[in-house]
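Colleague: here is a sequence with its predicted model. Questions after.
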Amino acid sequence: MDGSDAPLPRSAVPSFEAPRFDVPGQVALVTGAARGLGRAIALTLAHAGADVALGLRDAGADAGLAAEVAALGRRVLPLQMDVTDVGQVRAAVDATVAHFGRLDILVNNAGIAPENLAEDVVEDDFDRTLAVNLKGTFFASQAAGRVMIGQGYGRIVNIGSQAGAVALPGEAVYCMTKAAIAHLTRCLAVEWGGHGITVNAVAPTFIHTPGTEEYLADPAHRRDVVERIAALHRIGEPVEVAGAVLFLVSPAASLITGETLLIDGGWTAR
């Protein structure tokens, strides 16, 4: 055996750094944080070590969420943030940075899904859905992106939907906005990647939230949904979406950007 075959001294063996799935010391802003997916995401990020700003349509109605985040030992800031109001969006981002000193994570969760047959959609419903789902997402990303560009680091996750990939009867406008979210995600990822910012989306199937409660209470609707979730045949839970968001903002996902991660139990696998 010549010298080239000799084992390396222990000190010369490269150490293995395992992937990390937490975000200690980072600052996150979650829109639509009061309930459902937003609430689960805010608590999940707090559990993972982040301080959390809560974007709320009514800053006085956080349903105890701020106290829950504080009980985890994290700093928390409830904010008035109606995402249809660009002034409120920019003020919320500014307030987050003023309070915490930085903004590392933005989760664009606020969204609405009015069910209506295409032939019955009225202009007000159309405008409102685009204002919340698209306008709100874009301008929140813009405001946070400006901060993150200055920092040279940031993580943005948009909440899309499987409705951006498959047609859901009676939800044409909603489906349109979620398809647009997927492409906006790609555009921002390409534009801001050079600044150390990743932009991704998650696209859930039907999840047990206050927003889906009425629809899923109909036995026929529930049977249809469970059947279409082809692999698992069950309705999802908010924490199952929150876990995917945490992954995408964690160091473990540092090479992932411009992607939309379907969380659909196999719905689109058919």
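Modeller: Structure's in. What do you need? Numbering: from 1, shown residues only.
Colleague: residue ranges with poor pLDDT in this structure?
Modeller: In the predicted model, the chain carries pLDDT under 70 at residues 1-13.
Colleague: which residues in the stretch 51-200 of the chain form helices?
Modeller: Assigned by DSSP state H, counting those that start in this stretch, the helices in the stretch 51-200 of the chain fall at 65-71, 86-100, 123-130, 136-151, 172-192.
Colleague: give the contact list for Gly160.
Modeller: Taking C-beta atoms under 8 Å, 6 or more residues apart in numbering, we find Gly160 in contact with Lys178, Ile181, Ala182, Thr185, Ala201, Val202, Ala203, Thr260. No exception for glycine: its C-beta is placed from N, CA and C like everyone else's.
Colleague: before we move on, back to that, any chance of the helices of the stretch 51-200 of the chain in JSON lines, plus distance to Asp224 and mean neighbour count?
Modeller: Converted to JSON lines, the helices of the stretch 51-200 of the chain look like this (distance: least, C-beta to C-beta, whole Å; neighbours: other C-beta atoms under 10 Å):
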{"stretch": "helix 65-71", "distance to Asp224": "32", "mean neighbour count": "17"}
{"stretch": "helix 86-100", "distance to Asp224": "36", "mean neighbour count": "18"}
{"stretch": "helix 123-130", "distance to Asp224": "23", "mean neighbour count": "14"}
{"stretch": "helix 136-151", "distance to Asp224": "29", "mean neighbour count": "21"}
{"stretch": "helix 172-192", "distance to Asp224": "17", "mean neighbour count": "19"}
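Colleague: can you list those in a markdown table and add distance to Tyr215?
Modeller: Formatted as a markdown table, the helices of the stretch 51-200 of the chain follow (distance: least, C-beta to C-beta, whole Å):
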| stretch | distance to Tyr215 |
| --- | --- |
| helix 65-71 | 24 |
| helix 86-100 | 29 |
| helix 123-130 | 16 |
| helix 136-151 | 22 |
| helix 172-192 | 12 |
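Colleague: one step back: just the contacts of Gly160 now: which is nearest Ile41?
Modeller: Ile41 has its nearest neighbour among these in Val202, at 9.6 Å by C-beta to C-beta.
Colleague: tell me how many other residues crowd the closest one.
Modeller: By other C-beta atoms under 10 Å, 26 other residues sit near Val202.
Colleague: so it belongs to a helix, correct?
Modeller: No: assigned with DSSP: H, G, I helix; E, B strand; the rest coil, Val202 falls outside any helix and is strand.
Colleague: give the contact list for it.
Modeller: Residues in contact with Val202 (C-beta under 8 Å, 6+ apart) are Val157, Asn158, Ile159, Gly160, Val241, Ala244, Val245, Leu248, Thr260, Leu261, Ile263.
Colleague: relative to Gln151, how far out is Ala113?
Modeller: According to C-beta to C-beta, to the nearest Å, Ala113 stands 33 Å off from Gln151.
Colleague: next, the contact list for Ser250, please.
Modeller: So Ser250 contacts Pro19, Arg20, Phe21, Asp22, Val23, Ala48 (C-beta under 8 Å, 6+ apart).
Colleague: next, count neighbours for the third one.
Modeller: Residues within reach of Phe21, counting by other C-beta under 10 Å, total 14.
Colleague: same deal with Ala63?
Modeller: The burial count for Ala63: 12, using other C-beta under 10 Å.
Colleague: try Gly152
Modeller: The number of residues packed near Gly152 is 10, by other C-beta under 10 Å.
Colleague: just want the phi and psi numbers for the residue nearest to it when sequence neighbours are not counted.
Modeller: Take Gly152 and drop its neighbours on the chain: the residue closest to it by C-beta to C-beta, 6 or more residues apart in numbering is Gly196, 4.8 Å away. Phi and psi for Gly196, reported as degrees, to the nearest 10, are phi 80, psi 20.
Colleague: I figured Gly196 hits Gly150, correct?
Modeller: No: counting by C-beta atoms under 8 Å, Gly196 stays clear of Gly150, with 10.8 Å between them.
Colleague: number of nearby residues for Tyr153?
Modeller: A count of nearby residues for Tyr153, using other C-beta under 10 Å, gives 15.
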